[in-house]
Structures are given as structure tokens and as C-alpha cells.
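K.L.:
Just a sequence and a predicted model for now, questions to come.
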Amino acid sequence: MRRRRVLTRYYKRKLYGGRSSFARMMDFISLRVIGLLVCYLHFSTIISNVAMAGLMSIVAVAFGSVAIELAKSMRMDRFIRKERQCIAMETLKKRLLIMPRDEQLARLRRYAKANPARFKESEIIFTLHRTSPVMEDDVLAAASAAKKRGAESVTILHTGPVDGAAKSLAADYVGSTVSFLALEDILSQGDRQAMLPTEEEIDSIILAREGAAHEKRKKALSRPFERGRTGRYLLCALGLFAASFFVRYPLYYRLMAAACVSFGAMAYALGQADNNTTASR
């Protein structure tokens, strides 16, 4: 049950651009209240009975809410499928990047045997094993390597994306035929399915991402009270208290100084708790 809640929280956070559950709840309530007021203003102009106008407004808002929730559910289903597909493709690309070179060459040989028309007799393979895009300089380097070996054409086997300028240069290049072949395209259907993550693995990736995001939010909330900030808060409090003697409204400065002292005390207490925890370990 907790696993399902974490997955749902991840999907909602991604779908709604990082908005918190409290913000979404406030949107839900405010939109229904506004809709109820608009419906009541409409029905009150055509129905003289106030109670009946209010009842019709509630019914209209209820039907509208059902329609909105149905549309949101359909949108969420589409987003979940798309998000899981993106995670699967990201995982596949990572696994291709860490694939040993011998295994890459073995799969390339099988691909060449299965697609003999794809390669010419006088052709070389120029491998770019990296995540950055294939650029114009890479096209020039591949064409130069083909000329040195006396090959008429060269295929750039890449693991990253291909820049548009590189494609344009390859199409206009004179002297050698330059083409592109992505590493994932040489995989057979069976190999591709074997390398794709399972549903459980995708869930584990999402849970790990959500756990990392939770830790990041937790650290962001505790950062003002990190160990070692006590002196800074006390120094700031001292400066504010001293400045209060030279301003017209000293009370505000002294209140801010008291707040700084409170923050410093909290930072000191949390630091002592961390020290005790470390010592107990």
C-alpha cells in the first residue's frame, strides 16, 4: 500500500509540475467554490426559489466535478504510460552505454548478417561511444578515417543523439558517404525486450527517485539549522541588537535579534543531537 502511495505521489508531482498536495487541494476547493458561485448566480436569474437555485447549483457543480475527475483520470493514465515508457528507454540507453565493446561488436556482426543491404563492401564502422551528440567534427573525423583506409563510405555507430548540423554536413559531404546508425537500432526485438527493464524494475527506479527527492526536500528544510550555524545566528542577533539603539523603532530589531537567538539555539540543539547519534553509533 505504501509503495502504491509513493508511486502515485511521484506521478502527481511530475504531472502537476512539482505542486504539493496542499496546493492541489486548495485548487480543488477554490475551483469548486467559484463554480458553485457562478452556477448560483446563473440559476438565481432563472429560478425565483432560492433553495431550488442553490440545489441546482450543487447538482451542476457535482456533475462538473465528476466530469473533471474523469478527464483527470484519463490524463493521469496517459501520463503514467508515457512516463514509464520514458524511464524504460532511459534505462535501455544506460545499459547500452555500459555494454562491453566485444558485446557491441558481436551484436553489430549479427545485425550486418541480418541486413546485408545496409552496408557496402568498401565501408568502415566509426564508433562514438559517448552520451554527447554527434557533431560536425565527428562527421569530418569519420570521413577522414574512411579516406585513410580507402573506404568509399563510413557508418557512424553512435550511442548519443545526432546534431542537425552533423546530419546536414553528412548529406552534403563529397568524397565519402557518411551515414548514422544508433546502437539501439542494431538490437533484435528479442535482445531489445531482454534489455528493457521489467515493471518491477521501473517501480524500483521511481521509488529511488522519489526517495532521493524526499531526502533533498528534507535537507533543504533542515539546512537553516545545520551544525555550525549557531555562531552566525548569534553574530547576526548581536548586530541587530546593537543597531536597535540607533533606529527609530528599536522593537522590531530586537524582535529579529530574538528570532536569530532562537534559530541559533535550535541549530545548537540539533547539532548536539547529531553528535549524540554519531557517538552512539
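P.N.:
Happy to help now that I have it. Remember, predicted model here, so these are calculated numbers, not experimental data. Numbers count the residues shown, from 1 in each chain.
K.L.:
CA only for contacts and neighbour counts going forward, please
P.N.:
Fine.
K.L.:
any idea how far stretch 206-226 is from the chain center?
P.N.:
Stretch 206-226 has its C-alpha centroid displaced from the chain centroid by 15 Å (CA atoms, centre = their mean, to the nearest Å).
K.L.:
got it, and stretch 135-154?
P.N.:
On CA atoms, centre = their mean, the centre of stretch 135-154 falls 37 Å from the chain's centre.
K.L.:
got the phi/psi numbers for T127?
P.N.:
phi -90, psi 130 (degrees, to the nearest 10).
K.L.:
Go ahead and confirm it touches A145.
P.N.:
No. Using CA atoms under 8 Å, T127 is not in contact with A145, being 11.2 Å away.
K.L.:
which helix is the longest one in this protein?
P.N.:
helix 50-97 (DSSP state H).
K.L.:
next SSE after the strand or helix carrying S204?
P.N.:
S204 belongs to helix 199-222 when elements are defined using DSSP states H and E. Sequence order places helix 230-243 as the next helix or strand after helix 199-222, per DSSP H and E.
K.L.:
would you put the C-alpha positions of that following helix in PDB?
P.N.:
Provided in PDB are the C-alpha atoms of helix 230-243 (Å, rounded to 0.1, in the frame of the first residue of the first chain):
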ATOM      1  CA  THR A 230      24.800  28.800  15.800                       C
ATOM      2  CA  GLY A 231      27.700  31.300  15.700                       C
ATOM      3  CA  ARG A 232      26.300  33.000  12.600                       C
ATOM      4  CA  TYR A 233      22.900  33.400  14.100                       C
ATOM      5  CA  LEU A 234      24.300  34.800  17.400                       C
ATOM      6  CA  LEU A 235      26.500  37.200  15.400                       C
ATOM      7  CA  CYS A 236      23.500  38.400  13.400                       C
ATOM      8  CA  ALA A 237      21.500  38.800  16.700                       C
ATOM      9  CA  LEU A 238      24.300  40.800  18.200                       C
ATOM     10  CA  GLY A 239      24.400  43.100  15.200                       C
ATOM     11  CA  LEU A 240      20.600  43.600  15.200                       C
ATOM     12  CA  PHE A 241      20.600  44.300  18.900                       C
ATOM     13  CA  ALA A 242      23.300  46.900  18.500                       C
ATOM     14  CA  ALA A 243      21.600  48.500  15.600                       C
END
